[in-house]
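**Student:** Give me a model of this one.
(2 chains)
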Amino acid sequence: MIDLWVFTVTRWGIVLVTSLLAAGNAAAQGRAVSGSLKNSDGAPISHASVTVCNAQGRVIAFHVSGAAGRFRLMLPVTQPDSLRLKVNHLGYAPIDLPLTPGRERYDLTLTEKAIDLSEVAVKSRPQIDARGDTLSYDVGSFARAEDRNIGDVLRRMPGMEVSENGQIKFNGRNISNFYIDGDDLLNDQYSIGNKTIPHAMVKKLEVLQNHQPLKVLKNKTLTDRVAINLVIKDDAKLDLGGQAKLGAGLPHQYDGELNTILFNKKYKMLNVLKGNNVGDDLAADFTAFGQADRLADAGNSRPEALLSAGTAGTPPLPRQHYYLNQSGSLNANNLINLKSGLQLKSNIHGLLDHHTTTYHSISAFYLGSDTIRYTERQRIGERPFLTEVSVTAMANEDTHYFSNTLTFNYAGERGSSMLTSNGNVIDQRLHSRIRDFSNTLRYTPALKNGDVINLHWYIDHYNRPQTLALSPGIHAAMLHAGEPFAGIRQFAETPVWFSRLSADYRITKGLIKQRYRVGVVTEWQQLRSALRLTQVDGSETSFSGNNDLRWQRHRIFADGNYEYKRRRVEASLLLPLAIQRTAYRDVGFGLNTSVHRLLVNPSLRVKWMTTIEDYLSFTYSYGSHLGNINGVFRGAILANYRSLHANDAPLQEHDDHAFGLQYHYQRAIHMLFANAGISYTRSMANTIATSVLTDDIARTILLPFDNDVSSFGVQGGISKFIFALGATASLKASWRTSRFNQFLNGTPLPFHNQSLTLQPGLEARLFGRASITYNGSGTWMISRPMARKTNVLLANHRIQRFDQSIGITYSPFNNTFLRLTGRYQYTSQPALAAIDYFFTDANIRYTVAKWHTDLALNLTNLTNVTAYETYALSANHFSTTQYHLRGRMAVLNATFRL
Amino acid sequence: MIKKCDFYILSVTILFSVPVAAQQTEVALARVIYEFTHINDTLQPEKPHQEEMVLYIGQEATLYGTYATERINQQIKKQMDDPAFDGNLTITGSRHTTRESYYARPADRVFKQLNSVVGERYVIDEAYPIIDWQLIDTSKTVGGYTAQKAIGSFKGREYTAWFTAEVPFRTGPWKLLGLPGLVLEAADSHHEVLFAYAGFETLAAGDATVALPDNAIATTKKALDKLIEAYEKNPQAAMNARSKAGSQSSGSSPMAGIDVSRIKSINVKKTETQTSSVTNNPLELEP
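**Tutor:** As a prediction, this is how the structure comes out:
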């Protein structure tokens, strides 16, 4: 045998290339070697590797042992010398023995041996060795020529949804943070960013799933938060950028905007100045999407405003259709990252607005023996303003997290209107102010053992003084013994101090993740109200029964949260325990009460995967709740020109049970998704609202009667992608029935409401450049009294409503974009004529790349619908409201990139 | 509309989550990295599909798939561990990535293809690849290991494989299984397919597991192809098919079944792909 050795140098070091002139290679097979393998217990070992090697260690024959542990190898006829038989199997000690000439059978016993990887020689590792189990998620570039802002692009990304108010959802979940290059510049008031940041600045949009904003908590708690991060292009980071927008249109329309943008590593700013009268509600830019959740999490239930200027709500249409405005706003957001790791941020918001609303409504209350009707015609001019300053300092490190946010908000509104109600003409003025100050401190250090402590302190002062002035003096019979007088002035305010201090401890290891929390919540409130009558001679007299109600509530709580996830079952249980004392007194009414309660409000959620794709989930929660200050004041408050509110009952307590069962079915491979569920809620309260209605005024009093409200619902949805058409068709349906009690003019009226809703939808793309969407909604509602007295007035009430919209978008060229939308609404009610409306809007956009300019023509309300009527139905109350809308409008906008 | 390559990234990335809980989970004992080259378009041999692949080896099973995702993770970790990290991740690389990965359990003759389409994972049964290897009494050193030559034909190609018996594993990349050692390098006779060795290492318990994902949906090749075509044709409508059914699925969202606390985000910088978009020379020339 001749061996020829050749050495070559490659990137893997010296590679030995051996060329062998082995004699026996091509030879026919000759001798057989066979045998069996078993372990020390005598059980056969299958799937072990049996090889025969030559002197050079090269395999010349191999076999894998079968189920009975047997093997059989054929060796070449001409065999090299000194062959060895080797047996290898992970989990057993290897066998290496010489093949004895003449011996054909080898029955071997393998000794078990734990796998010891340290015996495995690692001679050449991969180049970079860093392990992680991060998922990458690239959302790619979805931008089209017609897009201007990041919001336009975002809307198009799969799974993303942008609601009418600008809130972003990903797979049905609200996003928790809107980062710009990793910094949370805009807090949860991010809609300005969506509307302002040009998509051309943004390199990537990252979706951060299961996002944990606190570095110290990363990988330590389960989170289902979703956040997005805009990664800014390198060249866009250097310069101050901006846009100027000028728009003008018919009739007498203007729309302007100036913004400056700078996003670099150290300093970030987004400052926007805006003004318009085209119906763009600038207050929407300041919507803090997480505010409601934050207040609810803290348990800070601010009492609702006591006074209002009218009884009509807003029409179910996009705001731009009815918002007659003159608005200006400033939105200044600045952030600096200091070298020490501290981040300072300020958000300053200002708004000046003037808008008018004109409507005419008719309300009818069907009583056991009577029907009481109110008519209301009003043209309200409102002048709201807002100033909001928020300053944040934050350090987000691996070992700890610290943040402190201080917010001041001073806002207010002056409204004046001429109101015609049941033939009386009333001059009405509502003046209100909001003063809000809050500070949030959070400190989260990680302990050496990996567990985490979280300290949280939130303090808030909030007050909203309101004055409602009416002239001439109305309701003289009730308020002034029938004597005429000149006017009414109702003042009300509820200053609130609220503080919540809590500490929690997380055990981040183990099968059940646990969190324990203790805390103290304190709340001081004072409800002050005064109802004054202006006499004909100009002097003011006080109407009896002014409120000066002092309220305090203190709660000490402890809760445990347990999360379990294993195989097909996922469960979480929250067990809170609280001791609460509520005390309130009003000397003027001889009221001095305190209520102690032990509150246990557990909730449970269990999810069971029935198959790989389908699951059943069950939720149950029990809550025992106490009412707030608005439920216990004794002195009458004129909430609006025709409603007088007072209470004559102890503090409302209600116990709520909520059950839900949901089945989710999907066959993703066929793009079929469906779900169905039932829900049942039952609430038992110890008080009930009762109304005494007369032709001019409704007096509402809370009375101590048991009130049982229950509601049962069934809902389902199905959605299917139709492969042949490349379209998604969907249908949602729900049916709900509820029973509740209502007291009217001293008579209890149990009611039963039922409603059925069907919502079909279709979404398809046509010929690549056009797409079409359809969404429909049909609602059938019926309300009837449960005690079927032979009374015609308490007949059943039914309403049917259909709302359908269709949108077509078409982009004939890369720089031109057209959108046409139509919406048809139809409402019918047995006794009244059906009403229907058809709205169409069109939008054309053209980009002149050379000039860095976008031109857009917006045509709104092409069918020029100026009067819009709605029906509303609740229990025995039926109302129709007619609103004045903005008419047809055309606005041409030019946007220049600076 | 999503461009095709984005779609690939989107789908592939979710695939390699380093499997979490699974029906038959086992600890990965070691892994091998291969530099895979495939001339998929014979008219443009200078634009081959090149990709780093990884083979995770457990006691009973192996899992083979793209290594691109982990490469991205490494870059992210490297950047984030840098004290000067400013929150901006720059990820380069990621050429054409392979959508499929392969799970093999030789003792039971189980071979499955795993595929992921926008978050949902699918599993397809395949015939266990059987190659009649012919051992050649020739060896060379690959990555420090002495590797012996073997030749065998599979799906229309003649492969030369170099395997080592110096490590206690008997497996190989892709479908090149059945040799009495670990295949470190393999190439076909036309030099159109190459699995080049790029590193081997043992893993500590907990680094990785070899498993079929718990929530993978069993399906067929035909149904999966139809689904992929639908997503590519109208991604938005296809995505909405899920959400339009109403009440968003709390757990069966595309990310379900993945250990939630382990997920961060990555931004894949799109580089001009060097891979020819035409495939006239598939890996498997015969059915």
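
**Student:** For chain B, just list every one of the helices.
**Tutor:** B:4-15, B:68-81, B:221-233, B:235-243 (DSSP state H).

**Student:** hmm, I was thinking of chain A
**Tutor:** A:150-154, A:191-196, A:234-238, A:291-298, A:476-479.

**Student:** So which of the ones you listed is the most surrounded?
**Tutor:** Most buried of these by mean neighbour count (mean count of other CB atoms under 10 Å in any protein chain shown) is helix A:191-196; its value is a mean of 24. No exception for glycine: its C-beta is placed from N, CA and C like everyone else's.

**Student:** list the helices and strands that one packs on?
**Tutor:** Taking 3 or more CB pairs under 8 Å, 6 or more residues apart in numbering or on different chains; DSSP states H and E as the contact definition, the neighbouring helices and strands of helix A:191-196 are helix A:150-154, strand A:173-180, strand A:267-276.

**Student:** if you average pLDDT over each of the helices of chain B, which comes out lowest?
**Tutor:** Set side by side, the helices of chain B differ in mean pLDDT, and helix B:4-15 is lowest with a mean of 35.

**Student:** Dump the helices and strands packed on helix A:191-196 into JSON lines; add mean pLDDT and distance to chain B as well.
**Tutor:** Output for these, formatted as JSON lines (pLDDT from 0 to 100; distance: least, CB to the nearest CB, whole Å):
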{"stretch": "helix A:150-154", "mean pLDDT": "78", "distance to chain B": "12"}
{"stretch": "strand A:173-180", "mean pLDDT": "84", "distance to chain B": "7"}
{"stretch": "strand A:267-276", "mean pLDDT": "94", "distance to chain B": "11"}
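
**Student:** A:T399: which of those is closest?
**Tutor:** Between A:T399 and these, the tightest spacing by CB to CB is seen for strand A:173-180, at 21.3 Å.

**Student:** any idea of the angle the closest one forms with helix A:291-298?
**Tutor:** The directions of strand A:173-180 and helix A:291-298 differ by 110 degrees, with axes from the mean of the first three to the mean of the last three CA atoms, to 10 degrees as the criterion.

**Student:** what are the bridge partners for the residue nearest to A:E382 when sequence neighbours are not counted, then?
**Tutor:** The shortest distance from A:E382 to any non-neighbouring residue, by CB to CB, 6 or more residues apart in numbering or on different chains, is to A:G415 (4.2 Å). Taking DSSP bridges, one finds A:E382, A:L430 as the beta-bridge partners of A:G415.

**Student:** what's the neighbour count on A:G415?
**Tutor:** The number of residues packed near A:G415 is 21, by other CB atoms under 10 Å in any protein chain shown.

**Student:** so it touches A:I380, yeah?
**Tutor:** Yes. Under the contact definition of CB atoms under 8 Å, A:G415 touches A:I380, with a separation of 5.6 Å.

**Student:** tell me, what's touching these two both at once?
**Tutor:** A:A309 (CB atoms under 8 Å, 6 or more residues apart in numbering or on different chains).

**Student:** Low-confidence regions, the stretch 301-450 of chain A specifically.
**Tutor:** Judged by pLDDT under 70, the stretch 301-450 of chain A has its weakly predicted residues at A:368.

**Student:** residue contacts, the closest residue to chain B within it?
**Tutor:** Relative to chain B, the nearest point of the stretch 301-450 of chain A is A:N337 (8.0 Å; CB to the nearest CB). By CB under 8 Å, 6+ apart, the contact set of A:N337 is A:183, A:265-267, A:343.

**Student:** A:K169 now?
**Tutor:** With contacts defined as CB under 8 Å, 6+ apart, A:K169 is in contact with A:160-163, A:175.

**Student:** got these as CSV, with distance to A:R819 and neighbour count columns?
**Tutor:** Supplementary listing: the contacts of A:K169 in CSV, determined by distance: CB to CB, whole Å; neighbours: other CB atoms under 10 Å in any protein chain shown:
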residue, distance to A:R819, neighbour count
A:M160, 18, 21
A:E161, 18, 18
A:V162, 15, 17
A:S163, 18, 11
A:I175, 25, 22
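
**Student:** Just the closest of these to A:G761, please.
**Tutor:** Closest approach to A:G761 among those (CB to CB): A:E161, at 13.1 Å.

**Student:** Grab the nearest non-local neighbour of that closest one.
**Tutor:** With CB to CB, 6+ apart, the residue lying closest to A:E161 is A:K169, at 4.2 Å.

**Student:** how much space between that neighbour and B:S276?
**Tutor:** 39 Å (CB to CB, to the nearest Å).

**Student:** can you check A:E570 too?
**Tutor:** Going from A:E570 to B:S276 by CB to CB gives 45 Å.

**Student:** Kindly report the same for A:N347.
**Tutor:** Distance from A:N347 to B:S276, by CB to CB: 51 Å.

**Student:** Look at these two and report which has more neighbours.
**Tutor:** A:N347 (23 against 20).

**Student:** Do I have it right that the more buried one meets A:D188?
**Tutor:** No. Using CB under 8 Å, A:N347 is not in contact with A:D188; the gap is 10.6 Å.

**Student:** Could I get the pLDDT score of residue 67?
**Tutor:** No chain specified, so I'll use chain A. Turning to A:A67, the model gives it a pLDDT of 81.

**Student:** hm, I was asking about chain B
**Tutor:** 81.

**Student:** That one: neighbouring residues, count only.
**Tutor:** Neighbours of B:Y67 (other CB under 10 Å): 25.

**Student:** Could I get the contacting residues of it?
**Tutor:** B:Y67 makes contact with B:33, B:51-54, according to CB under 8 Å, 6+ apart.

**Student:** wait, which of these is closest to B:F200?
**Tutor:** Proximity of those to B:F200, judged by CB to CB, is greatest for B:I33, which lies at 7.6 Å.

**Student:** Please tell me how far stretch A:611-625 is from the chain's geometric centre.
**Tutor:** For stretch A:611-625, the distance from its own C-alpha centre to the chain's C-alpha centre is 19 Å (CA atoms, centre = their mean, to the nearest Å).

**Student:** does that stretch come close to chain B?
**Tutor:** Yes. Interface with chain B: stretch A:611-625 contributes A:612-613, A:615, A:617 (CB under 8 Å from any CB of the partner chain).

**Student:** cool, and stretch A:116-123?
**Tutor:** Yes. For stretch A:116-123 and chain B, the contact criterion (CB under 8 Å from any CB) is met by A:117-118, A:120-123.

**Student:** quick one: buried residues of stretch A:485-501?
**Tutor:** Applying a neighbour-count criterion of 16 or more other CB atoms under 10 Å in any protein chain shown, the buried positions in stretch A:485-501 are A:485, A:487-494, A:496-500.

**Student:** and what of stretch A:704-716?
**Tutor:** Quick answer for stretch A:704-716 (16+ other CB under 10 Å): A:707, A:709, A:711, A:713, A:715-716.

**Student:** Inside strands: which ones of those residues?
**Tutor:** Restricting those to those inside strands, with DSSP state E as the criterion, leaves A:707, A:709, A:711, A:713, A:715-716.
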